[in-house]
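**Student:** Have a look at this prediction, sequence included:
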Amino acid sequence: MQTTPNRDEMIKDVIERELVMFLNTKNEGGTASCQEDPDMFRKWRWMTFSVLSDEYIASYHEDLIQAERMGRNLMTEKYARMDNLIPCVSPNMDKVRAITAIERQWMQELFQEFPFLFPQSLARFDMYFPAEMETLSERSLDLYRQCVDTAMQKGENLARTRYANFYADMGMGTLEELESRLRAKIHQSS
């Protein structure tokens, strides 16, 4: 995905708005450990947006502004949905399920291609991803679906590209290099 100053600034603003919501999300038992590392939150969220269109990012930016105006915290809603503490917040569940099915397939492919780098199951994805999609406006969902459809037409896997971007940004190398190092490390300790 090409980056422009406007795109980079928009992503940064989206992430900072999300971070405020995230840090204001109340957790049972106090502050969650992930809330104590805002820089890592920024990196993970940048990874998400790194593969999405400018149009989607602008629309989601508007979702965040609208939520702020209404006193909604989209991060609180997402985590409450993950834990089934509140009912579904989206009137667009058919769209959420369709996008989730494609993203889940991409994650499954990633896990199969890089089993040492991604040894976990899809259980966390199955809770997290649909809950996030439920907080989007219909316009943002439609634009997200366009990103997914475009990637599918090009034979791309957005999950793979996200993680490739993340690890490259962290200076850790390619997915293939990381997988190889982990495989060698595990075989050495066997």
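**Tutor:** All right, it came through fine.
**Student:** Next up, the contacts around the spatially most central residue of the chain.
**Tutor:** Nearest to the mean C-alpha position of the chain, counting by C-alpha atoms, centre = their mean, stands Thr48 at 4.2 Å. The neighbourhood of Thr48, defined by C-beta atoms under 8 Å, 6 or more residues apart in numbering, consists of Arg162. Glycine gets a C-beta too; all of them are placed from N, C-alpha and C.
**Student:** So for it, what's the pLDDT?
**Tutor:** Listed pLDDT for Thr48 reads 97.
**Student:** Same check on the one 5 residues further on?
**Tutor:** At Ser53 the predicted local distance difference test score is 98.
**Student:** any chance you could read off phi and psi for it?
**Tutor:** Per-residue torsions, Ser53: phi -70, psi 160 (degrees, to the nearest 10).
**Student:** What count of nearby residues applies to the nearest residue to it once chain neighbours are set aside?
**Tutor:** Leaving out its chain neighbours, the residue that sits closest to Ser53 by C-beta to C-beta, 6 or more residues apart in numbering is Cys147, at 5.3 Å. If you count neighbours by other C-beta atoms under 10 Å, Cys147 ends up with 18.
**Student:** quick one: Cys147 and Val51 touch, right?
**Tutor:** Yes. Cys147 lies in contact with Val51 (C-beta atoms under 8 Å); the separation is 7.2 Å.
**Student:** Common neighbours of those two, please.
**Tutor:** The contact sets of Cys147 and Val51 overlap at Leu158 (C-beta under 8 Å, 6+ apart).
**Student:** Export the one helix or strand the residue nearest to Ser53 maps to to CSV, keeping only CA atoms.
**Tutor:** Element membership for Cys147 (DSSP states H and E) is helix 138-153. These are the backbone C-alpha positions of helix 138-153, laid out as CSV (Å, rounded to 0.1, in the frame of the first residue of the first chain):
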residue,chain,number,x,y,z
GLU,A,138,-22.0,0.4,7.4
ARG,A,139,-20.0,2.7,5.1
SER,A,140,-16.7,1.5,6.8
LEU,A,141,-17.8,-2.1,6.5
ASP,A,142,-18.5,-1.7,2.8
LEU,A,143,-15.1,0.0,2.3
TYR,A,144,-13.3,-2.7,4.3
ARG,A,145,-15.1,-5.3,2.1
GLN,A,146,-13.8,-3.4,-1.0
CYS,A,147,-10.2,-3.8,0.4
VAL,A,148,-10.8,-7.5,0.9
ASP,A,149,-12.3,-8.0,-2.6
THR,A,150,-9.4,-6.1,-4.2
ALA,A,151,-6.9,-8.2,-2.4
MET,A,152,-8.7,-11.4,-3.4
GLN,A,153,-8.8,-10.3,-7.1
